[in-house]
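Please find the sequence and the predicted model below.
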Amino acid sequence: MAEQQDLDRNEDATPYKLEKARERGQVAKSADVVSATVFTVAVAYFYWKGWDGLQSQFRYGHALLVQAGRLDGSAAGLWWLVGGMVRDALTALAPFFGALMIAAIVGNLMQTGPVLSMDPIKADFSRLNPVTGLKKLFSLRTLFDGARAVMKLVLLSLVVVQGIKSLAPQFPQLAAMPPAMLVRTVLDDAAGMGLKIALMLCLIALVDFAYTRREFNKKMRMSKRELKDEHKNREGDPRIRARLRELRRESLRRSMAARHTANADVLLTNPTHVAVALRYVHGEMASPQLVAKGAGGVAALMRQIAARNRIPVIQNPPLARALFHGLEVEQHVPPQLYAQVARILVWVFAMRDARTQPQGAAT
């Protein structure tokens, strides 16, 4: 039953699992979106700057031919000429390649946002296993990807064929055009064809992006057991959480007992299992107040604090148990226990006065 539960991954992935997959570089990303974005930007740039760039190249070639007879034929002169040509070519092509680079970055960021992970580029020697490679080569996934690539090729071929058919009527007129007009017309026709291909690539990329996200979400699905295990790992075992809460409460009780026991007038014990600290201020309290109580280790700590502060420790198991179980901290002694507590406090105060009396007489 547990194995069947592990196989039934019908629950959507939690944000925690998606975040961990993102840290490993596993995100829903379609390569077709990046390709379509780069191709569209390239065609748009070519349509926008193609004629101007070609004219600039013609002017550069014309100037080079005009100066050909006066060029220095030495090695230094030729190096200067080659260096100038390379600089001019880079200057002309730098905006184009910069636009393509920005398009590739935007195409990735649109899908996944910034993802910084080294896991995809780590060495994985399992990829060198020929058996694994053959399994992937003859898997259904490979066949499906191949069929999808063929479908893309068919769609793009149809776009190209339809584009050529629309341009066919003007082919006889190209021979009669002046060279400049011929080049301009060919550039415009090529740019128009490129825009149609880019439109088809965008449609293919949109479908592929939706499919990729669906497959990724399906791959990230979790079983009910995985959900429980993730919750347990993130929040901790309930028994451990309960134990931690108990330890925190114990620590709080110890700290409060230590703080309030130092202000008590007497400490009643069981004699070792429980301890209660009482305090009474004549004229301010209607009855003695329980300022601290504890059992086990807390009771031992209260006895140590009482010894350090010279607070009387009296063993009275029945009264100590009655106060420990019947009162909470800061509650006052009930009337049925007045007599027992009063006898103890009278003795405690008498002993205190006896200790301080000689000092008072000496002064």
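Noted; the coordinates are in hand.

contacts, neighbours, all on C-alpha from now
OK.

Going by length in residues, pull out the top helix of this protein.
Criterion DSSP state H: the longest helix present in the chain is helix 179-219.

Following element in sequence after it, please.
Next along the chain after helix 179-219, taking DSSP states H and E as the criterion, comes helix 224-235.

And the helices in the protein?
Under DSSP H, the chain gives helices at 2-7, 15-23, 31-66, 75-112, 130-137, 140-167, 171-174, 179-219, 224-235, 238-261, 297-308, 317-326, 338-362.

so of those, which one's packed in deepest?
Comparing those by mean neighbour count (mean count of other Cα atoms under 10 Å), helix 297-308 comes out on top with a mean of 20.

Please name every helix or strand in contact with it.
For helix 297-308, the elements it packs on are helix 238-261, strand 274-279, strand 313-315, judged by 3 or more Cα pairs under 8 Å, 6 or more residues apart in numbering; DSSP states H and E.

Tell me what angle that helix forms with helix 238-261.
Relative orientation of helix 297-308 and helix 238-261, computed by axes from the mean of the first three to the mean of the last three Cα atoms, to 10 degrees: 20 degrees.

how is the protein carved up into domains?
Domain assignment for the chain, taken from automatic domain parsing, gives 2-233, 253-357.

per-stretch mean pLDDT over those domains, give me the minimum one.
With a mean of 77, domain 2-233 has the lowest mean pLDDT of those.

From the chain's centroid, how far away is it?
Between the centre of domain 2-233 and the centre of its chain there are 28 Å (Cα atoms, centre = their mean, to the nearest Å).

same thing with stretch 290-303?
46 Å.

Could you do stretch 334-348 as well?
Distance of stretch 334-348 from the chain centroid (Cα atoms, centre = their mean) equals 63 Å.

got the contact list for that stretch?
By Cα atoms under 8 Å, 6 or more residues apart in numbering, the list of residues contacting stretch 334-348 from outside reads D265, V266, S287, P288, P312, L319.

and what of stretch 278-297?
Residues outside stretch 278-297 that contact it (Cα under 8 Å, 6+ apart): 253-254, 256-257, 260-261, 263-268, 272-277, 299, 302, 324, 327-334, 338, 341.

Of the helices and strands packed on helix 297-308, which is nearest V38?
helix 238-261 (52.2 Å; Cα to Cα).

Now do the closest one: which elements does it pack against?
So helix 238-261, by 3+ Cα pairs under 8 Å, 6+ apart, packs with strand 289-295, helix 297-308.

out of the ones you listed, nearest to A36?
helix 297-308 (72.0 Å).

Format the CA atom coordinates belonging to the closest one as CSV.
Provided in CSV are the C-alpha atoms of helix 297-308 (Å, rounded to 0.1, in the frame of the first residue of the first chain):
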residue,chain,number,x,y,z
GLY,A,297,15.5,19.3,39.2
VAL,A,298,13.6,22.6,39.7
ALA,A,299,13.0,21.7,43.3
ALA,A,300,16.7,20.9,43.8
LEU,A,301,17.6,24.3,42.3
MET,A,302,15.1,26.1,44.6
ARG,A,303,16.8,24.4,47.6
GLN,A,304,20.2,25.6,46.5
ILE,A,305,19.0,29.2,46.0
ALA,A,306,17.3,29.1,49.4
ALA,A,307,20.6,27.9,51.0
ARG,A,308,22.6,30.7,49.3
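
Pull the distance from it to the chain's centre.
48 Å.

Next one: P172 relative to L182, how far apart?
Going from P172 to L182 by Cα to Cα, to the nearest Å gives 12 Å.
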